[in-house]
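Chemist: Next one to model:
(one chain, ligands or ions: 1)
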Amino acid sequence: MSKAARIAEICADHSGREGPMLPILHDVQAEFGCVDADSEAAIAAALNLTRAEVHGVVSFYHDFTPTADPRPQVQICRAETCKARGVEALMDSAKAAAGDRVALKTVYCLGLCSAGPAARVGDRLHARLDEKALAKVIERA
Ligand code: FES
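Modeler: Here you go, the predicted model:
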């Protein structure tokens, strides 16, 4: 099945929903590892929107990327509360631990503000991170 055909199928799966764009974008991101320009165009056509409208949503959310990155991803919260709890002091060692093998992504709040610094790998959340704990999270990603 071609990518365009699969995207059309994903769009059809969500056609009865109210506000189908985000579920469609999540499915496309999960299946292809990105939401590229061709995907945006296909989704726009299926939802009777302009590509600019779809691109506006894609570029707003950090969950959607224009190109696929096969590396494991570690999301690190760098929002205000985690900053106040010391996340910035961890970033140099986090980058060293990640090297080129792991993609570090900055996110803004994982909902663990009282237990920051916080990070996420897939669906798993990690809280109260210090330098050593964050390095371990990155190594296991
Ligand atoms: S500010 Fe970091 S989890 Fe909320």
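Chemist: which residues of the chain fall in helices?
Modeler: Assigned by DSSP state H, the chain shows helices spanning 3-13, 21-32, 37-47, 51-60, 80-84, 91-98, 131-140.
Chemist: mind checking how far the residue nearest the centre of the chain is from the ligand?
Modeler: Residue closest to the average C-alpha location in the chain (CA atoms, centre = their mean): residue 63, at 2.7 Å. Per CB to the nearest ligand atom, to the nearest Å, residue 63 is found 16 Å from the ligand. Placement of C-beta: from N, CA and C, glycine included.
Chemist: quick one: contacts for that residue?
Modeler: 25-26, 29 (CB atoms under 8 Å, 6 or more residues apart in numbering).
Chemist: who's in contact with stretch 67-78?
Modeler: Contacts for stretch 67-78 (CB under 8 Å, 6+ apart): 32-34, 36, 87-88, 90-91, 94, 98, 100-110, 112, 116-121, 134, 137-138, 141.
Chemist: and residue 97, how far is that from the ligand?
Modeler: 19 Å.
Chemist: meant to ask about residue 90, not that
Modeler: Distance check for residue 90 against the ligand: by CB to the nearest ligand atom, it reads 12 Å.
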